[in-house]
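Pasted the sequence and its predicted model underneath.
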Amino acid sequence: QGHLAESGGGLVQAGGSLRLACAASGLPFSSYAMGWFRQAPGKEREFVARIGRTQDLATYADAVKDRFTISRDNAKDTAYLQMNTLKPEDTAVYYCAADSGPLRTTILADYEYWGQGTQVTVSS
């Protein structure tokens with residue numbers, strides 16, 4: 001049974017940076033595309049970024065493009081989300097997810113495995 005565990009969340013001032021990590025276990029990590037999603041209080045969970053099975057084919061939501069960078073290290077079974085120039089509106093619980101399908105999807109339902117989430121709070 002696959003398992004994902006996020007880490008790296010916390011409290012940061014606007015303009016600051018955080019790096020989230022997602023450690024995978026119990027699944028063939030290099031066979032899965034990895035995604036990051038977030039859910040703010042009172043809002044639906046939304047797509048943030050996705051990376052294919054290799055380091056290429058990264059996709060970003062417009063709200064984070066040019067500020068966030070998704071990456072992965074298949075040797076460590078870990079995906080990352082580098083978040084720079086953070087804004088208060090980036091405050092949310094951030095989740096990583098794994099998708100073994102063939103499509104370059106940003107749809108929540110297409111992802112098979114989910115982590116428990118890590119809180120990111122950006123103060124103004």
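Arrived safely, thanks for sending. All of these numbers come straight from a predicted model, not from anything done at the bench. Numbers count the residues shown, from 1 in each chain.

Where does residue 89 sit: helix, strand or coil?
With DSSP: H, G, I helix; E, B strand; the rest coil as the basis, residue 89 sits in helix.

Also residue 109?
State at residue 109, reduced to three classes by three-state DSSP: helix.

residues near it, how many?
Neighbourhood size, residue 109 [other C-beta atoms under 10 Å]: 6. To be clear about C-beta, it is placed using only N, CA and C from the backbone, and glycine gets the same treatment.

likewise the one 5 residues further on?
Around residue 114 sit 18 other residues, with neighbours defined as other C-beta under 10 Å.

measure it to residue 65 for me?
23 Å (C-beta to C-beta, to the nearest Å).

One more: residue 18?
Residue 18 sits 17 Å away from residue 65, going by C-beta to C-beta.

ditto for residue 22
Residue 22 is 20 Å from residue 65, by C-beta to C-beta.

Could you give the bridge partners of the residue nearest to residue 106 when sequence neighbours are not counted?
The spatially closest residue to residue 106, leaving aside those adjacent along the chain, is residue 47, at 4.1 Å (C-beta to C-beta, 6 or more residues apart in numbering). Counting by DSSP bridges, residue 47 is bridged to residue 37.

Residue 18 and residue 65: which is more packed in?
Between residue 18 and residue 65, residue 18 has the larger neighbour count (other C-beta under 10 Å), namely 21 against 10.

Give me the pLDDT value at the more buried one.
Predicted confidence (pLDDT) at residue 18: the value is 98.
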